[in-house]
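*Asks:* My questions are about this predicted structure, shown below with the sequence.
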Amino acid sequence: MHLSTDSTKQSPTFAPPSDPMAHLLHEKRNPKSKLAEGISDSILSRLASSSVLPLDDEDLLQEILLHLPPQPSSLPRASLVCPCRRNILSNHKFLRRFRKHHRKPPLLGFFARCLISKATVFTSVLNSPDCIPAGRFLVPHSHNPFKELRFMGCRHGLAVLFEMSLHSPMPTGLIVWDPLNGQQHNHLTMPSGLNGDKWECWNATVLCTNVEDGHVHGDCFSSPFKLVLIFNRDTDASTCVYESISGVWGDIVSVETKKVISPLRPSILIGNVLYWLLVGGEVLVHDFERQSLGLIEKPADTHNGHVELSYHLLRIEDNGLGMAIVSELTIKLWERKSNCDGVAEENCSTGWVVSADNA
């Protein structure tokens, strides 16, 4: 489960380095530099024509600081130089501009469950000085000795936890947790009308409700969210959506299937649709716009022994759905394609085709 953030929210441990903005200006003098290529010619002309030193012009200084890299250590390092920069970098308007300019925050790392200890641990993917120690994002624990908090997934900077009773397979509640500041936003009760004895394979996922530009607007951390609860019984799979704006659960929607949700594979969000892998290769589809739940059959002619480890859902180019299937020592890639050439929209068909990337 991946966690991404922006440097306006995270302050990891680092050694005080040289001024990052001086490095930025130095890079701008190099025509091949990618680090500072975003600094516009108008800013450079102001640098050349102004009688005021660049770092004494606050407007110009803000424009330059705006192009610092979005790594977690960038703004904290730059703020150490002088009080003027610190005031700019702590200003909420500047921070909003900084997030908007960089769009998608960098990936910090991922959460993974240890098979031996059963604990969920964070692992950073960044190098020093941006590397985040595992202890920085410790998954919360229940204060009730008869309950445990189980990490279920992370998306858009938020994580969802199940509150589990040691004497029941059904979750007793859900918590939305912000790893960046440690806050637990909500302690939610389960939707009414659920009988825990009839349901199994519980799962959940959380997502930001601001769908602008595919959630790469850089401000998911302060946005309202949706939480999707997924559960199975013998004859069907069901979902129920909680919206933080209204504070209520929606209706339960179901689809007939005897397959259960794969506990080893996370959901995939593409546009307004969530996809979950079912054991055996079928795909459960929740469409937020249509408020519907459906099934996608697995690609034809796929026979695998260890089914849970053989299938993996992918987000491919142009926001399409793909699937990677491991068979013996090979991996075959499939993608969903629509056949609408020369036919009416209602007669279009969509199916799996072998991806050209297999070549």
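*Replies:* In hand now; what should we look at?

*Asks:* From here on, just use CA atoms for contacts and neighbour counts.
*Replies:* Fine.

*Asks:* give me the beta-bridge partners of the spatially closest residue to His141 that is not a sequence neighbour?
*Replies:* Leaving aside its sequence neighbours, His141 sits nearest to Leu149 (CA to CA, 6 or more residues apart in numbering; 5.7 Å). Beta bridges link Leu149 to Glu163 when assigned by DSSP bridges.

*Asks:* I'd assumed His143 was in contact with Leu149.
*Replies:* No. Using CA atoms under 8 Å, Leu149 is not in contact with His143; the gap is 9.5 Å.

*Asks:* quick revisit: is there a neighbour count for the residue nearest to His141? I'd like the number.
*Replies:* Around Leu149 there are 21 other residues, counting by other CA atoms under 10 Å.

*Asks:* what's the spacing between it and Ile175?
*Replies:* In this view, Leu149 and Ile175 are 9 Å apart by CA to CA, to the nearest Å.

*Asks:* for the protein, what's the longest helix?
*Replies:* Secondary structure of the chain per DSSP state H: the longest helix is helix 92-102.

*Asks:* in that helix, what's buried?
*Replies:* Within helix 92-102, the residues scored as buried using 16 or more other CA atoms under 10 Å are 94-95, 98-100, 102.

*Asks:* per-residue confidence averaged over whatever helix or strand comes next after it?
*Replies:* Scanning forward in sequence from helix 92-102 by DSSP states H and E, the next helix or strand is strand 107-113. Average pLDDT, strand 107-113: 89.

*Asks:* Could you list every helix and strand in contact with strand 107-113?
*Replies:* When contacts are defined as 3 or more CA pairs under 8 Å, 6 or more residues apart in numbering; DSSP states H and E, strand 107-113 sits against strand 2-4, strand 120-124.

*Asks:* And the residue nearest the centre of the chain, how far from Ile268?
*Replies:* Geometric centre of the chain, nearest residue: Arg155, 3.0 Å, by CA atoms, centre = their mean. Plainly put, Arg155 is 10 Å away from Ile268 if you go by CA to CA.

*Asks:* what do you get for Lys259?
*Replies:* Using CA to CA, Lys259 is found at 18 Å from Ile268.

*Asks:* hey, least reliable of the helices and strands packed on strand 107-113 by pLDDT?
*Replies:* Averaging pLDDT over each of those puts strand 2-4 lowest, since it has a mean of 64.

*Asks:* can you list the weak-confidence ranges in the chain?
*Replies:* Residues of the chain that meet the criterion pLDDT under 70 lie in 1-56, 195-198, 211-222, 302-309, 340-348, 357-359.

*Asks:* ranges for the helices of it?
*Replies:* Using DSSP H, the helices found in the chain span residues 20-28, 41-49, 58-65, 74-79, 83-89, 92-102, 307-310.

*Asks:* Could you give the separation of the fourth one from the chain centroid?
*Replies:* Distance, stretch centre to chain centre, for helix 74-79: 25 Å (CA atoms, centre = their mean, to the nearest Å).

*Asks:* can you give me the strands for the stretch 251-359 of the chain?
*Replies:* Taking DSSP state E, counting those that start in this stretch as the criterion, the stretch 251-359 of the chain carries its strands at 253-256, 268-270, 273-277, 283-287, 292-296, 311-316, 320-327, 330-339, 349-354.

*Asks:* In the first one, which residues are buried?
*Replies:* It refers to strand 253-256. Within strand 253-256, the residues scored as buried using 16+ other CA under 10 Å are 253-255.

*Asks:* and that strand, which strands flank it?
*Replies:* strand 236-243 (antiparallel).

*Asks:* Show me how far the partner strand is from its chain's centre.
*Replies:* The answer for strand 236-243 is 20 Å, by CA atoms, centre = their mean.

*Asks:* which residues are contacting it?
*Replies:* With contacts defined as CA atoms under 8 Å, 6 or more residues apart in numbering, strand 236-243 is touched by 191, 224-232, 248-260, 286, 293.

*Asks:* Would you mind checking those residues for buried ones?
*Replies:* Buried among the contacts of strand 236-243 by 16+ other CA under 10 Å: 191, 225-232, 249, 252-255, 257, 259-260, 286, 293.

*Asks:* care to break the chain down by domain?
*Replies:* Taking automatic domain parsing as the reference, the chain has its domains at 2-102, 139-297, 301-359.

*Asks:* Point out the most buried one among the ones you listed.
*Replies:* Ranked by mean neighbour count, the domains of the chain are led by domain 139-297 with a mean of 17 (mean count of other CA atoms under 10 Å).
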